[in-house]
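Novice: Okay, structure incoming, though there's no sequence with it:
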């Protein structure tokens, strides 16, 4: 029996961009629902909750971040922001508000589809029963035993390094902002202490990367945060 197609809600006021996205997604088997305003998007999302939302920020009846905030009150569907706003502060605001990814216009079909696959894979992994073992590339994390192996060899991490790695691994493929990481690992009073993060991430890379100067797995998103590749 064929599984039903994933529904993607495209929230975009520019008709040419909607056509481009609709064509790219439909060709790859997605069901596409379109909205040109915040009000229309909220109505569609409520009537038939989508598996994923592609959200433009500049809409005629308000800022897309307002919709994102309202969606996050009841939905955990991944949201990928598609925006012409390419400044780091705009990306940080969107990710802190609950976006799963941020793609700056213009972008290509291949990159869009890759981001969608990662976001959907991550969403499904979160719904699956918790597994004490997380395996990503050469990295194997045993959460129950607090053990980490890289290419089969056990490495010793400090408690902070372990918490950082587990947090990134649980959200593999997703960018976590400096603020999100500091809040989760050090607590709400430390969200501006980015130097803590740089020091511990450098130490973590020395232990899990083959070449810490050119990391393959623990990726820096300049000015925004960090991401652990999921494949």
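Specialist: Nice, thanks for sending it over. Values in this document were obtained by computation on a predicted structure and should not be read as measured data.
Novice: So what touches stretch 173-182?
Specialist: Defining contact as Cβ atoms under 8 Å, 6 or more residues apart in numbering, one finds that stretch 173-182 is touched by 92, 95-96, 100-102, 118-119, 121-122, 164, 167-168, 190-194, 196-197, 221, 224-231. Every C-beta, even on glycine, is put in place using the N, C-alpha and C of the backbone.
Novice: what number of residues lie near the residue nearest to residue 13 when sequence neighbours are not counted?
Specialist: Using Cβ to Cβ, 6 or more residues apart in numbering and skipping residues adjacent in sequence, the residue nearest residue 13 is residue 36, 4.8 Å away. Residue 36: 18 surrounding residues under other Cβ atoms under 10 Å.
Novice: Contacts only, for residue 36.
Specialist: Counted by Cβ under 8 Å, 6+ apart, residue 36 has contacts 11-13, 15, 18, 59-60.
Novice: ditto for residue 209
Specialist: 215-218.
Novice: among the contacts of residue 36, which are in helices?
Specialist: Those of these mapping onto helices are 15, 18, per DSSP state H.
Novice: Show me the contacts of residue 209 that map onto strands.
Specialist: residue 218 (DSSP state E).
Novice: Among the contacts of residue 209, give me the pair with the biggest separation.
Specialist: Farthest apart among the contacts of residue 209 by Cβ to Cβ are 216 and 218. That separation is 8.3 Å.
Novice: quick one, which of these two is more surrounded?
Specialist: Neighbour totals were compared for residue 216 and residue 218, and residue 218 leads with 20 against 13 (other Cβ under 10 Å).
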